[in-house]
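S.K.: sharing a model prediction with you, sequence too.
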Amino acid sequence: MSVYVGNLSYDVTEDNLNAVFAEYGSVKRVQLPVDRETGRLRGFGFVEMSSDAEEEAAIEALDGAEWMGRDLKVNKAKPRENNRGSFAGNRGGYGGRNRY
């Protein structure tokens, strides 16, 4: 499982985020998504730690904390939904009724 970190400064680096979370345990991975069009950070990231206990400690300590001029939003990351692919199964819009 990983931790979602929202409301990040656009100046944050993976090293910055790693250093903050390392205070609560062993950080396995830090990911900062980048906007495809602009190449700019999207303002959120994910941190994967070695254990659930370490993640819980980081969430408890950092959720709502001010860091780099922003109040962080920190919680368990939700599983990624696959929003890409075909429209099969989509009952809204065009696929809702047969029109002959």
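M.R.: Structure received. No experiment lies behind these values; they were computed from the predicted model shown. Numbering: from 1, shown residues only.
S.K.: the helices in the protein, which residues?
M.R.: 14-22, 52-62 (DSSP state H).
S.K.: now render those helices as a markdown table, adding distance to Arg70, mean pLDDT and mean neighbour count.
M.R.: Where you see a C-beta, it was placed from the backbone N, CA and C, and this is true even at glycine. As requested, the helices of the chain are exported to a markdown table (distance: least, Cβ to Cβ, whole Å; pLDDT from 0 to 100; neighbours: other Cβ atoms under 10 Å):
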| stretch | distance to Arg70 | mean pLDDT | mean neighbour count |
| --- | --- | --- | --- |
| helix 14-22 | 12 | 97 | 16 |
| helix 52-62 | 12 | 97 | 16 |
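S.K.: those strands in this protein, which residues are they?
M.R.: With DSSP state E, the ranges of strands along the chain come out as 3-6, 27-31, 44-49, 66-67, 70-71, 73-76.
S.K.: now distance to Gly6 too, for the helices of the chain, in CSV please.
M.R.: Shown next, in CSV, are the helices of the chain (distance: least, Cβ to Cβ, whole Å):
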stretch, distance to Gly6
helix 14-22, 12
helix 52-62, 11
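S.K.: mind putting the strands of the chain into TSV with distance to Thr13 and mean neighbour count?
M.R.: Output for the strands of the chain, formatted as TSV (distance: least, Cβ to Cβ, whole Å; neighbours: other Cβ atoms under 10 Å):
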stretch	distance to Thr13	mean neighbour count
strand 3-6	13	20
strand 27-31	9	16
strand 44-49	10	20
strand 66-67	13	12
strand 70-71	15	13
strand 73-76	17	15
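S.K.: make a markdown table out of the ones you listed and add mean pLDDT and distance to Ile59.
M.R.: Below are these laid out as a markdown table (pLDDT from 0 to 100; distance: least, Cβ to Cβ, whole Å):
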| stretch | mean pLDDT | distance to Ile59 |
| --- | --- | --- |
| strand 3-6 | 98 | 6 |
| strand 27-31 | 97 | 14 |
| strand 44-49 | 97 | 10 |
| strand 66-67 | 97 | 14 |
| strand 70-71 | 98 | 14 |
| strand 73-76 | 97 | 5 |
